[in-house]
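Trainee: dropping the sequence and predicted coords here.
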Amino acid sequence: MPAVPPSAHPHQGEPPVALRGWWLRGGKRAFDTVAAGIGLLALAPLLLLIAAWVRLDSPGPVFFRQQRVGQGGRPFRIHKFRTMRHAPQQAGAQITVGDDARITRAGRLLRAAKLDELPQLIDVLRGDMSLVGPRPEVPRYVALYPPELRARVLAVRPGITDLASIVFRDESALLARADDPEQAYRQVILPRKLELAARYVEQASLLTDLRLILRTLAAIAGRGPGR
């Protein structure tokens, strides 16, 4: 696994961010472990059906795995159901813009309903992720984090959902309207995501996480396939 660039890690000598409250110091991890375990068991039939659908819809692996930056700047490989045509070497921009031709038929529906994210319950159970937390970025974008925000955002486990996931639910459509999608992501969307992520770390609690989970489910229910 390639190493994360040094700039993706908190500065050498910078004191670690103190996580305040019982929730971030232990309660959150216990909740995540139990919830992810129950979720994987309960959703097993659906996960198997989706896996078969992905495999039959287009050649390639069931899962898409990509290096992301996790808690403390440690790299891990995130799990998603594959929604694009398989390409062993993906270069260039690591964002999806509008009606990307690489997206498969199954992938369009899975993305619309956010079902492609379900395998991340595996990452939660493994301890790489949390149910709620700042969405994990690829190293090239983490390298752009301002120093004052980097340590704080990376102080907690990244999550399957967060406020930015709700605010930027239509991110690919927003980028499609930009003259330069990569520049728009770096200069407009990424800074806003970081602002929301830093706010989450400051306010994280059991109630905050439950509210964000419910808001995520409500957003998905309100924007099903075809809308």
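Mentor: Arrived safely.

Trainee: wait, R186 sits on R140?
Mentor: No. Between R186 and R140 there is no contact under C-beta atoms under 8 Å: 9.7 Å. In this view, the C-beta of every residue, glycine as well, is placed from N, C-alpha and C.

Trainee: ok, residues contacting the helix or strand of the chain with the lowest mean pLDDT?
Mentor: In the chain, the helix or strand scored least confidently by mean pLDDT, DSSP states H and E is helix 21-22, which has a mean of 85. For helix 21-22, the external contacting residues (C-beta atoms under 8 Å, 6 or more residues apart in numbering) are 204-205.

Trainee: pull the distance from it to the chain's centre.
Mentor: Relative to its parent chain, helix 21-22 has a centroid offset of 24 Å by C-alpha atoms, centre = their mean, to the nearest Å.

Trainee: next SSE after it?
Mentor: Later in the chain than helix 21-22, the nearest helix or strand by DSSP states H and E is helix 28-42.

Trainee: what is the rounded mean pLDDT of that following helix?
Mentor: Averaging pLDDT along helix 28-42 yields 97.

Trainee: now for that helix, which elements pack on it?
Mentor: helix 120-126, strand 130-132, helix 206-222 (3 or more C-beta pairs under 8 Å, 6 or more residues apart in numbering; DSSP states H and E).

Trainee: if you set the cut-off to 6 Å instead, what comes out?
Mentor: Here helix 28-42 touches helix 120-126, strand 130-132, going by 3 or more C-beta pairs under 6 Å, 6 or more residues apart in numbering; DSSP states H and E.

Trainee: strands of the chain, start to end?
Mentor: 63-69, 75-81, 130-132, 159-161 (DSSP state E).

Trainee: got the contact list for the second one?
Mentor: By C-beta atoms under 6 Å, 6 or more residues apart in numbering, the list of residues contacting strand 75-81 from outside reads 4, 50, 54, 63-68, 70, 110, 116, 119-120, 122-123, 128.

Trainee: no more questions from me, cheers.
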